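Chemist: just to be clear, the model below is a prediction. Sequence and coordinates:
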Amino acid sequence: MEGARRASRYWSGPAAAGRPGRSVQAADRRRGPPVKGLILSGGHGTRLRPLTFTRAKQLIPVANKPVLFYAIEALRAAAIREIGIVVGNTRDEIQAAVGDGRRWDVRVTYIEQPEPLGLAHAVKLAEDYIRGEPFVVYLGDNLLRDGVRDVVDAFRDGAADACILLTPVRTPQAFGVAVLEGDRVVRLVEKPRDPPSDLALVGVYLFHEAIFEAVNAIRPSWRGELEITDAIQYLLDHGRRVEARRVTGWWKDTGRPEDILEANALILEAIEPAVRGQVDERSHLSGRVVVAEGAVVEESVVRGPAVIGEGSRIVRAYVGPFTAVGPRVHIEGSEVERCVVLEGSAIVGLEARLQDSLIGTGVQVVRCHGRPRAFKLVLGDQARVEVL
Ligand code: TTP
């Protein structure tokens, strides 16, 4: 069964069980033709090494929730019930985390991409799954504060063949940039030396089936990938209508470690405080703080926004703003601020504050006792350590 399922490029779980609440059903009924979601969750993830040596980058948690889950929630909030997830060599891990989608009341179908040959290549592989319906491509490592509901509604009701989302950026040289006439796109330029505008493409695209002619016609770029910007440029060159909408609220691509820290800070800013674990009377919490079930905070100061994951122990420590402490983490006699610390790690007895750091799973950062007093490191490939 497993083998037979893998032999095909697509596989999905049983139809999502569980009925949506009445208000969700009503919202779904009000809408026009069904729109599918396509989340791209393959890729190389090279910029997030060493974390991506052992996990899919889309499963790295931001505010203690995998970044991919935000994408699924954004699509579901836009009344999308059918979601294809393009997966590469981390497919088992992604499938184990997401399952058949019933948790979100969506039906997830997995689409295998044997090699990460570009965003347009991933779209091309989804042609049979999309079956002529309008669809939203959502990069599985992207976050948008305001989601995609409004753009999906406008696209469904409009006459465009494609719609891209744009946001002003300080360094357009590092992005795909659009040239506009009104809300129509006339040209796209990839990483321009002399940018025609400061409007960069964000990782969400809406398409009708004309895109499949484009992704089948274009050739790989200099880096050997089928580029989504080339496919959209093909639509423009062939008289298709491509519209642009500006993103409201922030947009974050979590491709690099510093992006994870920033995305974490942005999400934490809006968390609802909740204390479900134990906080002793000698501890002090301030600001937006979540202490999950089974977590223990003793003789410590936690200054929000911050989350302390399930079963974690914070003892005689300071946890500062914009920190996400994952499940079963042990922080003792140390100060951490603006950090993301993943499951099962320990930070014990540090003399200086740990700040702006992304700590993987099961990592130990501990004070050296005994002689000689020296840094003693066991670091994975491509790790980075900054010392005082
Ligand atoms: P990118 O961040 O552009 O590429 P990458 O994942 O290969 O990362 P790096 O540059 O650090 O090596 O990918 C954006 C999203 O699209 C991400 O969720 C991975 C996904 N993707 C695919 O699914 N298939 C692909 O062929 C590529 C290139 C990316």
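Modeler: Ah, there it is. All of these numbers come straight from a predicted model, not from anything done at the bench. Numbering: from 1, shown residues only.
Chemist: contacts, neighbours, all on C-alpha from now
Modeler: OK.
Chemist: show me the helices in the stretch 151-300 of the chain, by range?
Modeler: Using DSSP state H, counting those that start in this stretch, the helices of the stretch 151-300 of the chain run over residues 210-217, 228-237, 257-268.
Chemist: now distance to Gly176, mean pLDDT and mean neighbour count too, for those, in CSV please.
Modeler: Below are the helices of the stretch 151-300 of the chain laid out as CSV (distance: least, CA to CA, whole Å; pLDDT from 0 to 100; neighbours: other CA atoms under 10 Å):
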stretch, distance to Gly176, mean pLDDT, mean neighbour count
helix 210-217, 17, 96, 18
helix 228-237, 7, 94, 20
helix 257-268, 18, 95, 20
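Chemist: figure out which of the ones you listed is closest to Pro61.
Modeler: helix 257-268 (8.4 Å; CA to CA).
Chemist: name the residues that touch the closest one?
Modeler: 47-48, 62-63, 143, 252-254, 305-307, 322-324, 338-340, 356-358 (CA atoms under 8 Å, 6 or more residues apart in numbering).
Chemist: make a PyMOL selection of the buried ones in those.
Modeler: To isolate the buried members of the contacts of helix 257-268 in PyMOL, using 16 or more other CA atoms under 10 Å:
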select buried, resi 48+62+63+143+252+253+254+305+306+307+322+323+324+338+339+340+356+357+358
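Chemist: among the contacts of helix 257-268, which lie within strands?
Modeler: Within the contacts of helix 257-268, residues falling in strands by DSSP state E are 62, 143, 252-253, 306-307, 323-324, 340, 358.
Chemist: between those residues, which is closest to the ligand?
Modeler: Comparing the ones in strands among the contacts of helix 257-268 against the ligand with CA to the nearest ligand atom places Asp253 closest, at 7.8 Å.
Chemist: what sits against the closest one?
Modeler: Counted by CA under 8 Å, 6+ apart, Asp253 has contacts 141-143, 203, 259.
Chemist: check it and give its pLDDT.
Modeler: Here the pLDDT value assigned to Asp253 is 90.
Chemist: neighbouring contacts of stretch 222-231?
Modeler: Stretch 222-231 has contacts (CA under 8 Å, 6+ apart) with 116-121, 176, 188-190, 211, 214-215, 218-221.
Chemist: the ligand next: which of these are close?
Modeler: 116-119 (CA under 6 Å from any ligand atom).
Chemist: quick check: closest non-adjacent residue to Glu73.
Modeler: Closest residue in space to Glu73, ignoring its immediate chain neighbours: Trp104 at 7.1 Å, by CA to CA, 6 or more residues apart in numbering.
Chemist: wait, isn't the one you found in contact with Ala74?
Modeler: No - Trp104 is not in contact with Ala74 according to CA atoms under 8 Å; the separation is 10.5 Å.
Chemist: related to what we said a few turns ago, as TSV, the helices of the stretch 151-300 of the chain with distance to Ser197 would be great.
Modeler: TSV is the format used below for the helices of the stretch 151-300 of the chain (distance: least, CA to CA, whole Å):
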stretch	distance to Ser197
helix 210-217	25
helix 228-237	16
helix 257-268	23
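Chemist: get me the contact residues on the chain for the ligand.
Modeler: Residues of the chain lying close to the ligand by CA under 6 Å from any ligand atom are 40-48, 86, 116-119, 122, 139-141, 255.
Chemist: and Ala56, what does it touch?
Modeler: Contact analysis of Ala56 by CA under 8 Å, 6+ apart lists 45, 90, 93-94.
Chemist: and the strand ranked longest in the chain, what does it pack onto?
Modeler: Taking DSSP E as the criterion, the chain has its longest strand at strand 199-207. In this structure, strand 199-207 makes packing contacts with strand 135-139, strand 162-168, strand 176-181, judged by 3 or more CA pairs under 8 Å, 6 or more residues apart in numbering; DSSP states H and E.
Chemist: picking that back up, closest to Ile314 among the ones next to the ligand among the contacts of stretch 222-231?
Modeler: The nearest member of those to Ile314, counting by CA to CA, is Pro116 at 40.6 Å.
Chemist: if I read this right, that closest one contacts Thr46, doesn't it?
Modeler: No - between Pro116 and Thr46 there is no contact under CA under 8 Å: 11.8 Å.
Chemist: more neighbours: which of those two?
Modeler: Applying other CA atoms under 10 Å to Pro116 and Thr46 shows that Pro116 carries more neighbours, namely 19 against 13.
Chemist: show the pLDDT at that one.
Modeler: 95.
Chemist: ok, back up a step: check what contacts the longest strand of the chain and list those residues.
Modeler: 134-139, 142, 152, 155, 161-169, 172, 175-178, 251, 253.
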